[in-house]
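K.L.:
Here you go, sequence then predicted model.
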Amino acid sequence: MDNIVGYAAEAGIATITLDSPGNRNAISGALVEQLTARLDAARDDQAVRAVVLTHTGGTFCAGADLSEAGRTGPEVMIDLMRSIIELPKPVIGRIDGHVRAGGFGFVGACDLVAAGPASTFALTEARIGVAPSMISLTVLPRLTSRAAGRYFLTGEKFDAQVAEEIGLITTAAADSEALAGIVANWCADLRKGSPQGLAASKRLTTTAILREFDRDAARLASESAALFGSDEARAGMLAFLNKQPPPWVAEHP
């Protein structure tokens, strides 16, 4: 199996890198397996105080790998998001690229997120006949209700500044240098925290999220599986892969 999720630990910080730019870091079975292993490594390393989750290429994560649709159950994605939230070490998202669909699940699960000017965001599930069911577990606790209603439904694209304004990310960086500085400053601050203090402080911020997560996870996994298995979704995914409009798109007069 190719190594598509990198790992390096230095000076108390573990950097986990989504490194499959050829398919825009899509959420495949291999990515899920390797990302889970890297998170476990960070959890078990007593020297690690915090994790930086980042990416190579122009896309942070494009969402589900549609070429594997139906072969990977929704439960694995749910387990992966939960493992980020419950990791007893802060997780920083460092993004300077596109975030689509399921990639939002990772962004919502991170404790701190900085995004650079190359970042764009869009929840496009409705356009292929499905819904952001599973990722709503981590995304909805971050967004204002009006923002959720707008972007879940329209699928429109927005930038890092808007992402900060609606609560999806912590900080929008003006340029790549600023992005690096923001993350470096957070890491410096987190190195000052004790393992116990960081774990307990993070738990205070995630307890309510995990309570609702566990309440709704099974229902949303079932809903997601039903949507992806529907005729409408199959037509939508086929149209997307073939770069054609899906059959339900209404023509504007």
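P.N.:
Happy to help now that I have it. Numbering: from 1, shown residues only.
K.L.:
Buried residues, stretch 32-50. List them.
P.N.:
Under the neighbour-count criterion of 16 or more other C-beta atoms under 10 Å, stretch 32-50 has 32, 33, 34, 35, 36, 38, 39, 42, 43, 48, 49, 50 buried. No exception for glycine: its C-beta is placed from N, CA and C like everyone else's.
K.L.:
so what's residue 35 up against?
P.N.:
By C-beta atoms under 8 Å, 6 or more residues apart in numbering, residue 35 lies in contact with 5, 16, 18, 80.
K.L.:
In which helix or strand does it reside?
P.N.:
Residue 35 is located in helix 29-44, with elements delineated by DSSP states H and E.
K.L.:
Not counting its neighbours along the chain, what's nearest the spatially most central residue of the chain?
P.N.:
For the chain, residue 106 is the residue whose C-alpha lies nearest the centre (C-alpha atoms, centre = their mean; 2.0 Å). Spatially, and ignoring its direct neighbours in sequence, residue 106 is nearest to residue 61 (6.0 Å; C-beta to C-beta, 6 or more residues apart in numbering).
K.L.:
Give the ranges of residues in this protein that sit below the confidence cut-off.
P.N.:
1, 69-73, 251-253 (pLDDT under 70).
K.L.:
Could you pick out the longest helix of it?
P.N.:
As assigned by DSSP state H, the longest helix anywhere in the chain is helix 195-228.
K.L.:
if we can go back for a sec, out of the buried residues of stretch 32-50, which comes closest to residue 119?
P.N.:
Closest to residue 119 out of these is residue 35 (19.7 Å), distances taken as C-beta to C-beta.
K.L.:
Residue 81 versus the closest one, what's the distance?
P.N.:
Applying C-beta to C-beta, to the nearest Å, the value for residue 35 to residue 81 is 11 Å.
K.L.:
Could you report the neighbour count for residue 90?
P.N.:
Counted by other C-beta atoms under 10 Å, the residues lying close to residue 90 total 22.
K.L.:
I figured it hits residue 50, correct?
P.N.:
Yes - using C-beta atoms under 8 Å, residue 90 is in contact with residue 50, at 4.6 Å.
K.L.:
would you list every one of the strands in the chain?
P.N.:
Using DSSP state E, the strands of the chain run over 5-10, 13-18, 50-55, 59-61, 91-95, 98-100, 112-115, 120-122, 158-159, 171-172.
K.L.:
can you put those in CSV and add distance to residue 188?
P.N.:
What follows is these, written out as CSV (distance: least, C-beta to C-beta, whole Å):
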stretch, distance to residue 188
strand 5-10, 13
strand 13-18, 10
strand 50-55, 10
strand 59-61, 23
strand 91-95, 12
strand 98-100, 26
strand 112-115, 13
strand 120-122, 27
strand 158-159, 27
strand 171-172, 15
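K.L.:
Quick check: buried residues in the longest helix of the chain?
P.N.:
Of the residues in helix 195-228, those buried (16+ other C-beta under 10 Å) are 198, 202, 206, 209-210, 213, 216-217, 220-221, 223-225, 227-228.
K.L.:
and which of those residues is nearest residue 68?
P.N.:
Nearest to residue 68 among these is residue 228, at 10.9 Å by C-beta to C-beta.
K.L.:
my read: that closest one touches residue 130, true?
P.N.:
Yes - counting by C-beta under 8 Å, residue 130 is a contact partner of residue 228 at 5.8 Å.
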